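Novice: Dropping a prediction and its sequence here:
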Amino acid sequence: MKKSLIALAVLASCGAAMAQSSVTLYGMADVWVGRTKADASIGGVSTSASTSVLESGGFNTSRLGFKGSEDLGGGLKANFNLEAALAMDTGTNGGLSFNRQSWVGLSGGFGEVQLGKPWTPYDDTRAMANDTFNANFAASWTTWQFYEDNPNNTIRYNTPNFGGFSGALAYSLGEDRAASPTNSSSSLTSFSLNYANGPIVAGFAHQNQKVESGVAGILASFDSTGVLTGLATTGKTTYNLLNGSYDFGFLKLVGGVNQVKVSPDGFADVKANEWNLGVDVPVGAGFDVGVGLARSKTESSGVDLTTATGFSIGAKYTLSKRTFLYAAFNRTKIEDETTPGDEAKSTLFGLGIQHNF
Amino acid sequence: MKKSLIALAVLASCGAAMAQSSVTLYGMADVWVGRTKADASIGGVSTSASTSVLESGGFNTSRLGFKGSEDLGGGLKANFNLEAALAMDTGTNGGLSFNRQSWVGLSGGFGEVQLGKPWTPYDDTRAMANDTFNANFAASWTTWQFYEDNPNNTIRYNTPNFGGFSGALAYSLGEDRAASPTNSSSSLTSFSLNYANGPIVAGFAHQNQKVESGVAGILASFDSTGVLTGLATTGKTTYNLLNGSYDFGFLKLVGGVNQVKVSPDGFADVKANEWNLGVDVPVGAGFDVGVGLARSKTESSGVDLTTATGFSIGAKYTLSKRTFLYAAFNRTKIEDETTPGDEAKSTLFGLGIQHNF
Amino acid sequence: MKKSLIALAVLASCGAAMAQSSVTLYGMADVWVGRTKADASIGGVSTSASTSVLESGGFNTSRLGFKGSEDLGGGLKANFNLEAALAMDTGTNGGLSFNRQSWVGLSGGFGEVQLGKPWTPYDDTRAMANDTFNANFAASWTTWQFYEDNPNNTIRYNTPNFGGFSGALAYSLGEDRAASPTNSSSSLTSFSLNYANGPIVAGFAHQNQKVESGVAGILASFDSTGVLTGLATTGKTTYNLLNGSYDFGFLKLVGGVNQVKVSPDGFADVKANEWNLGVDVPVGAGFDVGVGLARSKTESSGVDLTTATGFSIGAKYTLSKRTFLYAAFNRTKIEDETTPGDEAKSTLFGLGIQHNF
């Protein structure tokens, strides 16, 4: 996302004597128009429904943010970031909150500390490299499962960059255990080791989410297509992710593997083995095309539960560094391995615009 | 509304090399203090209640907005607008959302396309010319009925300006049909043809709102004063509006006629025939006075249901281009034509200030 | 709080011809990490629970604000302020609203008028001088009782400054009487007389909150530790506060006394007699240490109900004019005087950072 440097940059360029000001207001407005279709076949009965839609965030989630950085001297900086997701189609009905990022911290030679609600290292590494431009309509984002991102009450440390290598570590305090099983209800540990240098981007990340007590719970039972839906009172979920990309110039190869283990106390573990693979190609004259494939297979006690398979293809037409048009197609199928023949398919096709400010 | 050009203007004036920045933060703070009174006479029993109030948005709805425009070259521009209504009296208790405008799009020689939640062409033409400064306390705004503005999921096209003529067309996808009968529950088509040149402003607009299925519904039955309140599951509402103003310099004549037809499936149609007429006069020394009259008569199957009549008078004292004080008076009466003698009257008187930033 | 002058200052420094722009975007990001502990002894049974927490607003409430001022000529100015509280730890889950300040008004030789939701004069005088840096963890803020600040629908007048003396008067219209007993449900009168000159800050403030009818109510009965919890339908609460500070340079002495009288109709009055005393000491090299003691005793009809006693100590390490680190400790005990031995203790210890922008 591009930034609209409001005060700091302006002050610098004007050479004024006000060293103090510095808030950057930035954002992204992404809207698409298209059609979504849901097909299902359960117990031999087929259903199909489609809708024309205008939605927010086809390529990336629309957002509005405020951030700033203050030079404290000696290489030390104070930093903050407040970033809200926008639903452009409804005017963010339900109310603006800084649900994407909300933190303050210090950075310097030692790295960076962030306190509040930053992304976890796993979140960031997961968002670093995915098929089909890493867009929201990419096969990986619609196929991979069980993901609860963006916890509250988090302390995060980022190492400095060592010749392309960087690491991060975060701990989220499970202080709101009586809450519903979302952002605050569980303690969480996450770390990553990433490498970015020239054409190479690569990363490994681990995340461990523990639901310790109370009303909160984790997924433990299954719906008609084998998707986990039920709740155990306690348990944990572990993620291990390896992904990356290599930019050959004439094409960019992107891929990743992810393993998720859900361990609800009193139920058998459920594992998901997931991968995605994509190619993004600059076709020329501002056009880029990306395609991707992704799969997620779940199993429990050696019995296959579900297989989700996604395919996506997208095209991007650049109008400026801040603005582009896009076309998106995604088809994702979930097969119920315990009842052969039962499956659900979702299809989307859309045309959109993204503007960064 | 005036705009506080933050980055773009500043960068231009500083001659800096940062062509990229451009977010305009703008808004309006409008608060009034006064008294509201509700009188009713139902079945020969009269009631009366009055309250002293401090309210937001007496003249125009208070708001906070972010917008920007990026020059893409060749006359093409990328544009966005996020605009939230403010309730200054409660601190916008309930939460800020971009419920007034939330869209992104492109403009150029071909006109302009907006995607998201723009106003409809009918909304804009309706807001273009009304009695008593087109203020929120104008007779037309308190007397005319059945209006659900500002739909979600909207695609809008604005023509270029042809010698004062401009047109607009919008379609809102009824994608959220299970929602309550508000912004998203119905598909909507709207278009307008407007003319603005020198002293003349004139416009025609049509809007057609269709509730196709589900929980959503439209008005179909009546309260004790004959006002529509009940719900049919499906149906449609059609609006046709003609309004305009002529500025003679020493006074401005404003007026409009509107016809609304509510067609709930399984119920008889209800029609409202509405007009308003106003005169705004610059009295001199920063003072302007506006007066207005408005009427809305409803009928169904040839039987009169209600007659609403409003009178308003307001005065404006200009402190600057961005700030003015105002006095407001409005009395609106609704008579139940099916039960002669039954009526409800509401009166307001207030003094306020509006500041634009 | 420091201000990031975005447009106005920049325009001034650039010498541009745009006299119009002026929105100041400012805020505060304050997060701490620590431990809270709750001990209770009720009827000889002791309980204890502690939690590690990451919280927003340890020193001062995190916030985001927009404000501006327009010079109208002749010393007259139009002013507005919109200020939202932030919960940095949850991303302000629940939604951003301008719940701290939301007003527009005029200022000039006559003083200042504010309309909307400003703080009351009592709120401001109470926030002017308290023990332990007037931080949120100060003994006074955790020990003193019964406080409902920040009403809606308020008209406020501030006198000019007369040689250090200034006064303020506010009236909040109780227009939303059917609401829950919070910001809008009661009419409220508040005034203050403050003095600030060189090392001396001193103030007296009075506030009178009247619950006149309806669903709204005021506190009238008691929980197991003697704290007021019940509701009478009508009644009033009166506050009288005297506080101040004297800065000797090598230390600052801070203190205040407050008397609250809750008069629920149909119940006996409950009175709270409260004081706090603190010393803030600049230890040198950017370090400041503050300590404080506070007490609140409640009684009704000559019978002692509760005694709350708080102790706090904090340290501040300044990184810049806008940023500091802090350590906080607070222990507050409430004894139930009607059942000797029954008491509840809360303890917190934390380390935090505050950054102003």
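Specialist: In hand now; what should we look at? Here the structure is a predicted model, which is why all the values come from computation and not from measurement.
Novice: in the stretch 1-150 of chain A, which spans are helices?
Specialist: A:8-14, A:121-126, A:139-143 (DSSP state H, counting those that start in this stretch).
Novice: hey, least reliable of those helices by pLDDT?
Specialist: When the helices of the stretch 1-150 of chain A are ranked by mean pLDDT, helix A:8-14 comes last with a mean of 34.
Novice: and the residue of the stretch 151-300 of chain A nearest chain B?
Specialist: The stretch 151-300 of chain A approaches chain B most closely through A:Gly286 (11.3 Å), counting by Cβ to the nearest Cβ. Backbone N, C-alpha and C define where each C-beta goes, glycine included.
Novice: And for chain A?
Specialist: A:Gly95 (2.9 Å).
Novice: What separation do you get for that residue and chain C?
Specialist: Using Cβ to the nearest Cβ, to the nearest Å, one gets 3 Å for the distance from A:Gly95 to chain C.
Novice: cool, and A:Phe165?
Specialist: Distance from A:Phe165 to chain C, by Cβ to the nearest Cβ: 27 Å.
Novice: cool, A:Gln101 as well?
Specialist: 7 Å.
Novice: for A:Leu241, same thing?
Specialist: 24 Å.
Novice: could you list every residue that touches that residue?
Specialist: A:122, A:125-126, A:203-206, A:256-259 (Cβ atoms under 8 Å, 6 or more residues apart in numbering or on different chains).
Novice: helix or strand for A:Phe349, which one?
Specialist: Using DSSP states H and E, A:Phe349 sits in strand A:343-356.
Novice: Direction included, what does that strand pair up with?
Specialist: strand A:24-42 (antiparallel), strand A:323-336 (antiparallel) (DSSP bridges).
Novice: how about JSON lines for the ones you listed, with mean pLDDT added?
Specialist: Output for the strands paired with strand A:343-356, formatted as JSON lines (pLDDT from 0 to 100):
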{"stretch": "strand A:24-42", "mean pLDDT": "96"}
{"stretch": "strand A:323-336", "mean pLDDT": "96"}
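Novice: what's the neighbour count on A:Trp119?
Specialist: Neighbour count for A:Trp119, taken as other Cβ atoms under 10 Å in any protein chain shown: 23.
Novice: Residues of the stretch 101-250 of chain A that sit close to chain C?
Specialist: Proximity of the stretch 101-250 of chain A to chain C is confined to A:101-106, A:115-117, A:152-155, A:173, A:175, A:183-184 under the rule Cβ under 8 Å from any Cβ of the partner chain.
Novice: separation between the residue nearest the centre of chain A and C:Phe357?
Specialist: Residue closest to the mean C-alpha point of chain A, counted by Cα atoms, centre = their mean, is A:Ala127 at 4.9 Å. A:Ala127 is 26 Å from C:Phe357, where distance means Cβ to Cβ, to the nearest Å.
Novice: Can you identify each of the strands in the stretch 101-250 of chain A by residue range?
Specialist: In the stretch 101-250 of chain A, the strands defined using DSSP state E, counting those that start in this stretch lie at A:101-108, A:111-117, A:154-158, A:165-172, A:187-197, A:200-211, A:218-219, A:231-232, A:235-247.
Novice: a markdown table for those, including mean pLDDT and distance to C:Asn197?
Specialist: Listed next are those as a markdown table, based on pLDDT from 0 to 100; distance: least, Cβ to Cβ, whole Å:
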| stretch | mean pLDDT | distance to C:Asn197 |
| --- | --- | --- |
| strand A:101-108 | 98 | 35 |
| strand A:111-117 | 98 | 39 |
| strand A:154-158 | 97 | 44 |
| strand A:165-172 | 97 | 48 |
| strand A:187-197 | 95 | 52 |
| strand A:200-211 | 93 | 57 |
| strand A:218-219 | 48 | 61 |
| strand A:231-232 | 62 | 63 |
| strand A:235-247 | 93 | 61 |
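Novice: From B:Leu54, how far off is A:Asn197?
Specialist: 61 Å.
Novice: Neighbour count: those two, which is higher?
Specialist: Set A:Asn197 next to B:Leu54 and count neighbours by other Cβ under 10 Å: B:Leu54 wins out with 24 against 11.
Novice: ok, that one - contacts?
Specialist: Per Cβ under 8 Å, 6+ apart, neighbours of B:Leu54: B:31-33, B:89, C:115-116, C:153-155, C:173, C:175.
Novice: and if you look at A:Thr347?
Specialist: A:36-39, A:329-332 are the contacts of A:Thr347 under Cβ under 8 Å, 6+ apart.
Novice: can you check A:Ile155 too?
Specialist: With Cβ under 8 Å, 6+ apart, A:Ile155 has these contacts: A:113-115, A:170-173, C:33, C:54.
Novice: quick revisit: the residue of chain A closest to chain B contacts B:Gly95, correct?
Specialist: Yes. In this structure, A:Gly95 is within contact of B:Gly95 by Cβ atoms under 8 Å, at 2.9 Å.
Novice: circling back: pop out the phi and psi values for the residue of chain A closest to chain B.
Specialist: Note on A:Gly95: backbone dihedrals following degrees, to the nearest 10 are phi 110, psi 140.
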